[in-house]
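Participant: Pasting the sequence and the predicted coordinates here, then a few questions.
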Amino acid sequence: MFGIFKKKTQKQLLQEKYLKLMEDAHRISKSNRKLSDDKVFEAEEVMKEIEKLLG
């Protein structure tokens, strides 16, 4: 209960962004493969940032 006001870490924010991009890529892949590939590329860049944080 006391964790509801806790700020999210940079890692948590990046993980959420990664998941959203991958979900978007999957949804879009059914209609526009190029746009889906672009979303996957963005997600991979976010994953690289996460890996840098874990370093």
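Facilitator: Yes, it's here. The structure displayed is predicted, hence computed values, not measured ones. Numbers count the residues shown, from 1 in each chain.
Participant: which residues of this protein score low on pLDDT?
Facilitator: 1-3 (pLDDT under 70).
Participant: ok, and the closest non-adjacent residue to the spatially most central residue of it?
Facilitator: The centroid of the chain falls nearest to residue 18 when counting by Cα atoms, centre = their mean (0.8 Å). Spatially, and ignoring its direct neighbours in sequence, residue 18 is nearest to residue 46 (4.6 Å; Cβ to Cβ, 6 or more residues apart in numbering). Quick note: C-beta positions are derived from backbone N, CA and C, even for glycine.
Participant: Quick check: the gap between that neighbour and residue 39.
Facilitator: 11 Å (Cβ to Cβ, to the nearest Å).
Participant: Name the residues contacting each of the two.
Facilitator: residue 21 (Cβ atoms under 8 Å, 6 or more residues apart in numbering).
Participant: Walking through this structure, point out its strands one by one.
Facilitator: For the chain, applying DSSP state E gives no strands.
Participant: for it, longest helix please?
Facilitator: In the chain, with assignment by DSSP state H, the single longest helix is helix 33-54.
Participant: Identify each buried residue in that helix, please.
Facilitator: Neighbour counts over helix 33-54 (16 or more other Cβ atoms under 10 Å) mark 36, 39, 40, 42, 43, 46, 47, 50 as buried.
Participant: just curious, which of those is nearest to residue 29?
Facilitator: Lowest distance from residue 29 to the buried residues of helix 33-54 (Cβ to Cβ) belongs to residue 36, with 3.9 Å.
Participant: so that closest one makes contact with residue 23?
Facilitator: No - taking contacts as Cβ atoms under 8 Å, residue 36 lies outside contact range of residue 23: 11.2 Å.
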